[in-house]
Structure formats: structure tokens, C-alpha cells
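Novice: Fold the following for me, if possible:
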Amino acid sequence: MPVGGGPAVRIGPQDSVSAGARGVGLVVEVGPGGAVRITGFPMSEVSSRRDLWSGADISDDRIRALALGAYYCRSWRAYNDTVAFAPDLPGSSETRREATIEALHEAWGVDNAEDARDTIRRLLAGMHAPLFTLIHPLAVTAAGESYIPGRPGLAAGHREFLQILSQFRGYEGAAGLDRDYDAWLQALKLGIVEGLPQPLNTDATAWDLARVVFIARSAHTAGYLAEDEAWEHMLTGLAIAQEHYRNWRQFVSGFLTGAIFWAATRDLAAAREQVGERRDMMLGLYTRPSSPWRRVALHPGTPIFGASEP
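Specialist: Numbering: from 1, shown residues only. You can find the predicted model right below:
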């Protein structure tokens, strides 16, 4: 039953309002004054600031492709229907081009077109999602193991296996898979992932694909990639997303899983903080009428929230 005991209602011509995909129930309720609440997805704070649209005449598929990176578009306060990050922000001391050049260099080591293409290729092939697919089931098994005095735990065997695999793949030292394993094991034991949609979506491909859009848009804004090439990369990402997820909710839960996995391998305290920050951003994208996820479904011809699909 929806929060407050009221009936679940439709909030738009195509907005299905209950869901059970991946075992996580989702109910959308319209309350007094038209306020929208979602249950079944552990989120709370929603920003009412409208999502930005330039009014560009682009196809629904292009809106879908851009919407894979809606998290970053919102973070950058940019239009949802242009490749370039725009408009320039009032009062900012730097242009969008200057900001993207700096961001690409500092966070990604991307300084030219070839750097951008190489990064996008690696993201499309799977940068962090395959690592999560490998590490997560091992960490879950070890986290649920009962301690037996005098007997080595599963984690020791997992670490040995991952160390060997790291050497084979060239990931050693601080980049070793065993380090990522230890970090994720601690995230599970400390309950950091409990604030994510449950059961945890174990397909983290969305984390890589959202960043494809960010890199493509940033590289175009910086002057590294032509608009047509940026579209090509983003539409490739959309095709992959549609192979992996049935709706935006599944995509978002995969994004959150990947984002927190990545954060945990760097700083567990920061990962805990990011759970709330990132999920609140996603709640706004679910509920604001101005959101791209309220304009187009991930798959053409399906309900906006994809709620009727298992």
C-alpha cells in the first residue's frame, strides 16, 4: 500500500505507478498539492529546481541517449537536449568549455580527441562493471560466512585467487583486484549498501554507460569531438543499455550499484556519504515532470516507469 494509506494513482498519460522489476516494489503516490512520493526505493530529499531544456528539435532516441547521463546533466545544470553542456552559468568565472577541459584533464587524464575516444571505448567495453561482476559474488559469500576459530575464512582464498588474476591482467599493488575486493567486502559488512535499492542490482553496466555520455558531451564541449561523433558514441551506449535494462528504474539501480562500488574502492567514508547524495538526485529525476525520464521511456512504446514489467 502506498505511503499514508492512499491509493496509487496515475501521474501522467504513460506513467505506470507500481513496479516489481528485480524484486524491488515501486509505488508512486500523488499527495496533497500534487506532491509525488515513491516507496520501495529508499530515497527522501528531492530538489524542485526544474530540469533544463533548450527546446532543440531532436528525436526521442537522442533524448534517451542523453538521458543515460541525466545524473551528470543535472549535476552540471545543463540542457537535457543538447550535446554541448550549456548554457553558461550566470556568475561563473569560467566558460563551459574551460570547465570541461579542466574536468576531463583532472578526473580522466583526457586532453585531446584520441584520449576521449580511448576512454569512451573502454567504458563501452566495460570499465568497472565487469570487475563488480567478478568481485561482488565473492564478497557476498565471504560477508555471510560464519566465523569458525582456527579455520581460514573464505576471504583468504578469494584474495589469493584475485591476486593471481591481478598479476595475469597486469593489475598489481594498489590497483590489485584483491584491494577492490577488500573494500567491497567492508562496504557489505558495514551496511553501506543497505541504502541502495534492494535486492541489490548486480548489473552495474549503467555506471559505465552514464559516464560514456558525460565524456562524449564534455569532449564535444571542450572542442575535442565533433557533435556527430559524440552522438554516435552516446547512441551506441543507448543500445547497450537497452540490452541490459528494461526501464529507467533498473538502469538507475545499476548506476547506483556501480557508483558506490567505485566509491568504496577509493574511500569507504566517502562511499557512505555518496549513497544518500546520489539516490536523492535520482529521486528527483523520477518525480519531477521536467525530468527526461518523465519525457521518454528507456524502450520505445513502454510505460515511462516501466512499472508493469517484472
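Novice: Could you list the residues in contact with stretch 222-239?
Specialist: Around stretch 222-239, the neighbours that count as contacts under CB atoms under 8 Å, 6 or more residues apart in numbering are 61-62, 64-66, 68-69, 83-84, 97, 100-101, 104, 110, 112-113, 115-117, 120, 124, 209, 212-213, 215-217, 219-220. Where you see a C-beta, it was placed from the backbone N, CA and C, and this is true even at glycine.
Novice: That one: how far from the chain's middle?
Specialist: Mean-position distance between stretch 222-239 and its chain equals 19 Å (CA atoms, centre = their mean, to the nearest Å).
Novice: which ones are touching the closest residue to Y245 other than its chain neighbours?
Specialist: Counting by CB to CB, 6 or more residues apart in numbering, F251 is the residue found nearest to Y245 once chain neighbours are left out, at 4.4 Å. Taking CB under 8 Å, 6+ apart as the criterion, F251 is in contact with 68, 206, 241, 244-245, 298.
Novice: my guess is D51 meets S75, correct?
Specialist: No. In this structure, D51 is not within contact of S75 by CB atoms under 8 Å, at 11.7 Å.
Novice: Looking at the two now, which is surrounded by more residues?
Specialist: Under the criterion of other CB atoms under 10 Å, the comparison of D51 against S75 puts D51 first, with 22 against 12.
Novice: circling back to that earlier point, among the contacts of stretch 222-239, name the buried ones.
Specialist: Neighbour-count burial (16 or more other CB atoms under 10 Å) is assigned, among the contacts of stretch 222-239, to 62, 64-66, 68-69, 83-84, 100-101, 104, 110, 115-117, 120, 124, 209, 212-213, 215-217, 219-220.
Novice: so how far is the helix or strand containing R97 off the chain centroid?
Specialist: When elements are defined using DSSP states H and E, R97 is found to belong to helix 96-103. Helix 96-103 sits 22 Å away from the centroid of its parent chain (CA atoms, centre = their mean).
Novice: From the contacts of stretch 222-239, which land in helices?
Specialist: The members of these that map onto helices under DSSP state H are 61-62, 64-66, 97, 100-101, 113, 115-117, 120, 124, 209, 212-213, 215-217, 219-220.
Novice: what about the residue nearest in space to the middle of the chain, is that helix, strand or coil?
Specialist: Of all residues in the chain, the one closest to the mean position by CA atoms, centre = their mean is F255, 2.4 Å from it. Secondary structure, DSSP: H, G, I helix; E, B strand; the rest coil: F255 is helix.
Novice: Tell me the spacing between it and R217.
Specialist: Remark: distance between F255 and R217 (CB to CB, to the nearest Å) = 16 Å.
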